[in-house]
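Participant: make a model of this:
(one chain, ligands or ions: 1)
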Amino acid sequence: MTQHQRLLIIDFGSQVTQLIARRLRELNVYCEIHPFNSVTDASLREMAPQAVILSGGPASVTQDDSPRAPQAVFDMGVPVFGICYGQQVMMEQLGGSVEAGHHAEYGRAFIAPAPGHKADGIFSGLFDTGREEVWMSHGDRVTSLAPGFEVIGTSPNAPMAMIADETRHFYAVQFHPEVHHTPNGRTMLENFVRLAGFTGDWTMASYKDEAIRKIREQVGDRKVICGLSGGVDSSVAAVLIHEAIGDQLTCVFVDHGLLRLNEGDEVVKMFRDNYNIPLIAADEADLFLGQLEGVSDPETKRKIIGGLFIDVFQKYATQIEGADFLAQGTLYPDVIESVSFSGGPSVTIKSHHNVGGLPEKMGLKLVEPLRELFKDEVRELGRELGLPASFIGRHPFPGPGLAIRCPGEITREKLEILRKADAVFIDQIRKHGLYDDIWQAFVAILPVRTVGVMGDGRTYDFACALRAVNSVDGMTADYYPFTHEFLGETATRIINEVKGINRCTYDITSKPPGTIEWE
Ligand code: XMP
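Facilitator: As a prediction, the model looks like this:
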């Protein structure tokens, strides 16, 4: 458990709850998100947060059985900040009242301090221009205040936009300070955490030291195995664990024959040569490519690769005597148990490849030192650990590798062509100084041959598609707006330098409706 001052966010199911955590982490405040239905008065007291934030949510407090906060939130004597639904819950539970939605309000609004309230306390550094832009998204509104509360900020449509009981440090707002559309929302949250006594003790250097101590405590003198993909998460996890327990860690890197040009060598060089981390590099290309022969259905490809990966990993892992632990680069967004009001399970768009199920099968315990971190925090930790910038800034690469960038049947010939084309595209991007601007870029080789003319001869070769996207988290994405000159130059280079490709297209589909990968 963390030694830091801790803030608890109670999630009522808002789409943007994670952003509250992001803003607080930016302020060096350690926080955890817990769904409203997983916290009780007892667990809350045990957790002993120094402050609580109640998130927004889609329900209406006026409905029967709508979510409530554990009463202890208000009885523990800690500062509380309610956002949107969180504001309404506070009023409902503390003796005010809320009316259901005849006056829905969505989008931009401006708030101003109520008469007699000036720019200090929760308003420090705000209202330079007399008003603040905020983002509203709510159906219900507070109609009468709970005892002890007063209005401190209003907007033309929301007379109780911001309310407070300043003696108890209870604040509640009708708008969303956590979103970018509330430009100074972060200042408001900063004021709240300062009022709550947070000193900003959550820094990467302190996190690193603490994580190392925890790994040593958990592992003792036993051994850990770590599946290395060459991606940022597993790499950072491996280097961190190695710093904690040295040679008690062994990494297993499976080359499934679906890696990019020189990728296998680079990963091995980096870990074995630079870091001296014990590493088993397993060349299993024949096995994977053999099983994939003749397979063109995307889900079947993914299932074959996922299944084989587990078998192969297990084969090598059992060679390491005394291994009790499996290290994984699980991140905080993977662990947050979000509140779903939709009921049923969501549709599987793609079966993601991971080593799920392996720990139980092999009787291994998990070491997950990145469980509390967001992706950009993992990168920061990587920097703190001295990983080269080029490694930390690498674009994401999917577990099934080039298999899902080769629609239709996978052949060694196509993979060879694809590797070369991809290398030229990435080289172009680097030469033009665009690599760090782009979230992910790659080439897909298409299962069609097209006719071309080169010199005086006819060609009948593969077409390829370039893909480059901007994204924040891979959930949504937009194509990268290269110039026509860049695209023209890149197509010419690929067709001239890569034998087997005679046509080049640029994929300008956003996600949704497309996905980033082609399969
Ligand atoms: P899609 O294609 O679903 O991809 O829009 C979103 C992001 O996830 C990556 N991706 C994967 N990563 N295992 C992974 O580790 C997988 O099976 C997998 N499939 C897609 C993809 O590269 C993109 O960054």
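Participant: I'd guessed residue 171 sits against residue 80; true?
Facilitator: Yes: using Cβ atoms under 8 Å, residue 171 is in contact with residue 80, at 7.4 Å. In short, each C-beta sits where N, CA and C put it, glycine included.
Participant: confirm residue 299 sits in a strand?
Facilitator: No: assigned with DSSP: H, G, I helix; E, B strand; the rest coil, residue 299 falls outside any strand and is helix.
Participant: so residue 232 sits against residue 381, correct?
Facilitator: No: if you go by Cβ under 8 Å, residue 232 and residue 381 don't touch, sitting 9.9 Å apart.
Participant: for the stretch 201-350 of the chain, give me the ranges with low pLDDT.
Facilitator: For the stretch 201-350 of the chain, the stretches flagged by pLDDT under 70 are 336-350.
Participant: cool, and the chain?
Facilitator: In the chain, residues with pLDDT under 70: 1-2, 101-104, 336-359.
Participant: pick out whichever of residue 171 and residue 80 has more residues nearby.
Facilitator: residue 171 (28 against 25; other Cβ atoms under 10 Å).
Participant: tell me the contacts of the more buried one?
Facilitator: 79-82, 122, 162-164, 192 (Cβ atoms under 8 Å, 6 or more residues apart in numbering).
Participant: export those to a markdown table and tack on distance to residue 393 and secondary structure?
Facilitator: Compiled in a markdown table, those are given as follows (distance: Cβ to Cβ, whole Å; DSSP: H, G, I helix; E, B strand; the rest coil):
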| residue | distance to residue 393 | secondary structure |
| --- | --- | --- |
| 79 | 38 | coil |
| 80 | 39 | strand |
| 81 | 35 | strand |
| 82 | 39 | strand |
| 122 | 38 | helix |
| 162 | 40 | strand |
| 163 | 44 | strand |
| 164 | 43 | strand |
| 192 | 33 | helix |
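Participant: show residues contacting stretch 4-11.
Facilitator: Contact with stretch 4-11 is made by 17, 20-21, 24, 29-36, 39, 44, 47-55, 57, 69, 73, 86, 193, 196-199, 201-202, 206, 338-339, as judged by Cβ under 8 Å, 6+ apart.
Participant: out of those, list just those in strands.
Facilitator: Among these, DSSP state E puts 30-35, 51-54 in strands.
Participant: close to the ligand: what parts of the stretch 51-200 of the chain are there?
Facilitator: Counting by Cβ under 6 Å from any ligand atom, the stretch 51-200 of the chain comes close to the ligand at no residue.
Participant: any idea which of the ones in strands among the contacts of stretch 4-11 is closest to the ligand?
Facilitator: In terms of Cβ to the nearest ligand atom, no member of the ones in strands among the contacts of stretch 4-11 lies closer to the ligand than residue 33, at 22.2 Å.
Participant: give the bridge partners for the nearest residue to the closest one once chain neighbours are set aside, please.
Facilitator: Nearest residue to residue 33 in three dimensions, chain neighbours excluded: residue 9, at 4.6 Å (Cβ to Cβ, 6 or more residues apart in numbering). Beta-bridge pairing of residue 9 under DSSP bridges involves residue 33, residue 53.
Participant: just the strands in the stretch 151-300 of the chain please.
Facilitator: Applying DSSP state E, counting those that start in this stretch to the stretch 151-300 of the chain gives strands spanning 158-165, 170-173, 223-228, 249-255, 279-283.
Participant: rebuild the ones you listed as TSV, extending it with distance to residue 518.
Facilitator: Below are the strands of the stretch 151-300 of the chain laid out as TSV (distance: least, Cβ to Cβ, whole Å):
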stretch	distance to residue 518
strand 158-165	46
strand 170-173	44
strand 223-228	25
strand 249-255	22
strand 279-283	26
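Participant: can you say which of these is packed in most?
Facilitator: Stretch with highest mean neighbour count among these: strand 170-173 (a mean of 27; mean count of other Cβ atoms under 10 Å).
Participant: quickly run through the sheet partners of that strand, with directions.
Facilitator: Here, using DSSP bridges, strand 170-173 pairs with strand 80-83 (parallel), strand 158-165 (antiparallel).
Participant: relative to residue 267, which of those strands is closest?
Facilitator: strand 80-83 (43.2 Å; Cβ to Cβ).
Participant: other residues contacting that closest one?
Facilitator: Under Cβ under 8 Å, 6+ apart, the answer for strand 80-83 is 14, 20, 51-56, 73-74, 88-90, 168-173, 175-178, 189, 192.
Participant: same question for stretch 430-441.
Facilitator: Counting by Cβ under 8 Å, 6+ apart, 393, 395-396, 425-426, 429, 466-472, 474, 477, 480, 482, 486, 516 sit against stretch 430-441.
Participant: in that stretch, which residues are buried?
Facilitator: 435, 438-441 (16 or more other Cβ atoms under 10 Å).
Participant: that stretch and the ligand, any residue contact?
Facilitator: Yes: contact between stretch 430-441 and the ligand, assessed by Cβ under 6 Å from any ligand atom, occurs at residue 440.
Participant: quick one: that stretch to chain centroid distance?
Facilitator: Mean-position distance between stretch 430-441 and its chain equals 20 Å (Cα atoms, centre = their mean, to the nearest Å).
Participant: quote the end-to-end distance of that stretch.
Facilitator: 11 Å (Cα to Cα, to the nearest Å).
Participant: try stretch 193-212
Facilitator: 28 Å.
Participant: before we move on, the earlier item: ok, of the ones in strands among the contacts of stretch 4-11, which come out buried?
Facilitator: Among those, those buried by neighbour count (16+ other Cβ under 10 Å) are 30-35, 51-54.
Participant: and of the residues you listed, the nearest to residue 507?
Facilitator: residue 33 (34.9 Å).
Participant: so that closest one sits against residue 17, correct?
Facilitator: Yes: in this structure, residue 33 is within contact of residue 17 by Cβ under 8 Å, at 6.0 Å.
Participant: hey, what's in contact with both of these two?
Facilitator: With Cβ under 8 Å, 6+ apart as the test, residue 33 and residue 17 both reach 9, 11, 55.
Participant: a markdown table for these, including neighbour count?
Facilitator: Converted to a markdown table, the shared contacts of residue 33 and residue 17 look like this (neighbours: other Cβ atoms under 10 Å):
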| residue | neighbour count |
| --- | --- |
| 9 | 25 |
| 11 | 27 |
| 55 | 30 |
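Participant: what's the closest of those to the ligand?
Facilitator: residue 11 (23.8 Å).
Participant: stretch 232-246 near the ligand anywhere?
Facilitator: No: applying Cβ under 6 Å from any ligand atom, one finds stretch 232-246 separated from the ligand by no less than 9.0 Å.
Participant: next up, identify which helix or strand the closest residue to residue 392 other than its chain neighbours is on.
Facilitator: Spatially, and ignoring its direct neighbours in sequence, residue 392 is nearest to residue 382 (4.4 Å; Cβ to Cβ, 6+ apart). Assigned by DSSP states H and E, residue 382 belongs to helix 375-384.
Participant: got a list of contacts for that helix?
Facilitator: Under Cβ under 8 Å, 6+ apart, the answer for helix 375-384 is 25, 204-205, 207-208, 232-233, 235-236, 239-240, 329, 331, 333, 370, 373, 389, 391-393, 473.
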